[in-house]
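Chemist: Sequence unavailable; structure follows:
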């Protein structure tokens with residue numbers, strides 16, 4: 001299959017609940033030499049556009065609405081002429097960055113995005129935020145989890161609009177049911193696999209109490 005996954009790391013800030021933190025984000029480019037989708041074009045629209053090169057961007061897919069993931073999405077999308085997709089449950093986070101506007105398209109659970117003969121299937125995985133979505137690419141043996149599942153455990157749930165029992169349930173029901181060899185490409189940090197993370201579910205639950 002000619003479809004490939006490219007990772008770009010960008011740097012910037014994340015702000016919520018009155019605090020601001022320096023962060024590095026993973027930007028994922030999925031496609032072939034002609035056409036791609038871009039997942040979470042964070043921090044630097046020009047840098048992401050340069051990585052895409054002359055390829056057509058079919059869609060900008062946002063795993064959730066935190067500002068480090070979306071603040072430069074409109075700029076990037078306008079540069080490449082692509083629609084921005086976000087789950088509607090994160091509209092309030094979107095409006096914190098883009099008041100009185102909406103993304104170009106809502107993401108729904110089970111929605112499929114075709115790219116180069118491969119499909120990315122949207123899995124609604126709330127908890128880190130109400131509208132958090134993971135994108136499963138079965139043909140590529142990969143799931144893009146945003147900030148829902150990292151190497152070593154769930155994403156943070158200590159801020160507004162997040163909930164620990166919800167994220168654990170999302171991981172248990174939607175992610176750990178995927179094949180154990182599935183690569184987990186995350187919103188921040190190193191990749192992992194479903195098989196590496198699944199044995200630690202009870203540890204995460206115990207830590208969360």
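Modeler: Sure, I can see it. What you see is a predicted model; the values in this text were computed from it and never measured. Numbers count the residues shown, from 1 in each chain.
Chemist: low pLDDT regions in this protein?
Modeler: Across the chain, the stretches falling below the confidence threshold (pLDDT under 70) are 1, 208-209.
Chemist: tell me, how many neighbours does residue 203 end up with?
Modeler: Residue 203: 11 surrounding residues under other Cβ atoms under 10 Å. Using the backbone N, CA and C atoms, a C-beta is placed for each residue, glycine as well.
Chemist: Helices of the chain, start to end?
Modeler: Along the chain, counting by DSSP state H, helices occupy 45-52, 67-70, 73-80, 91-97, 164-170, 194-197, 201-208.
Chemist: can you pull the contacts of residue 77?
Modeler: By Cβ atoms under 8 Å, 6 or more residues apart in numbering, residue 77 lies in contact with 41, 57, 60, 83-84, 104.
Chemist: from the residues you listed, which single one is nearest residue 203?
Modeler: Using Cβ to Cβ, residue 41 is the member of the contacts of residue 77 that sits closest to residue 203, with 33.3 Å.
Chemist: Who are the contact partners of the closest one?
Modeler: By Cβ under 8 Å, 6+ apart, the contact list for residue 41 reads 27, 48, 60, 72-73, 76-77.
Chemist: let's see 7 Å
Modeler: Residues in contact with residue 41, defined by Cβ atoms under 7 Å, 6 or more residues apart in numbering, are 27, 48, 60, 72-73, 76.
Chemist: How about residue 73?
Modeler: So residue 73 contacts 41, 60, 62, 84 (Cβ under 7 Å, 6+ apart).
Chemist: Restricted to strands, list these.
Modeler: Secondary-structure check on the contacts of residue 73 using DSSP state E: residues within strands are 60, 84.
Chemist: Let's see if you can find the most crowded of the contacts of residue 73.
Modeler: Counting neighbours by other Cβ under 10 Å, the top entry in those is residue 41, with 35 neighbours.
Chemist: what is the spatially closest residue to residue 144 that is not a sequence neighbour paired to in the beta sheet?
Modeler: Closest residue to residue 144 apart from its sequence neighbours, by Cβ to Cβ, 6 or more residues apart in numbering: residue 135 at 4.4 Å. As for beta bridges, residue 135 partners with residue 122, residue 144 under DSSP bridges.
Chemist: Quick check, residue 135 in contact with residue 124.
Modeler: No. Using Cβ atoms under 7 Å as the test, residue 135 is too far from residue 124 to be in contact (11.0 Å).
Chemist: Looking only at neighbour counts, state which of those two leads.
Modeler: Set side by side, residue 135 and residue 124 show more neighbours around residue 135, with 26 against 18, by other Cβ under 10 Å.
Chemist: what about residue 163, distance to residue 45?
Modeler: In this structure, residue 163 and residue 45 are separated by 31 Å, where distance is defined by Cβ to Cβ, to the nearest Å.
Chemist: In terms of neighbours, single out the busier of the two.
Modeler: residue 45 (20 against 15).
Chemist: Test my guess that that one contacts residue 72.
Modeler: Yes. Using Cβ under 7 Å, residue 45 is in contact with residue 72, at 4.6 Å.
Chemist: which among the contacts of residue 41 gets closest to residue 140?
Modeler: Taking Cβ to Cβ as the measure, residue 27 is the one of these closest to residue 140, at 16.6 Å.
Chemist: All set, thanks.
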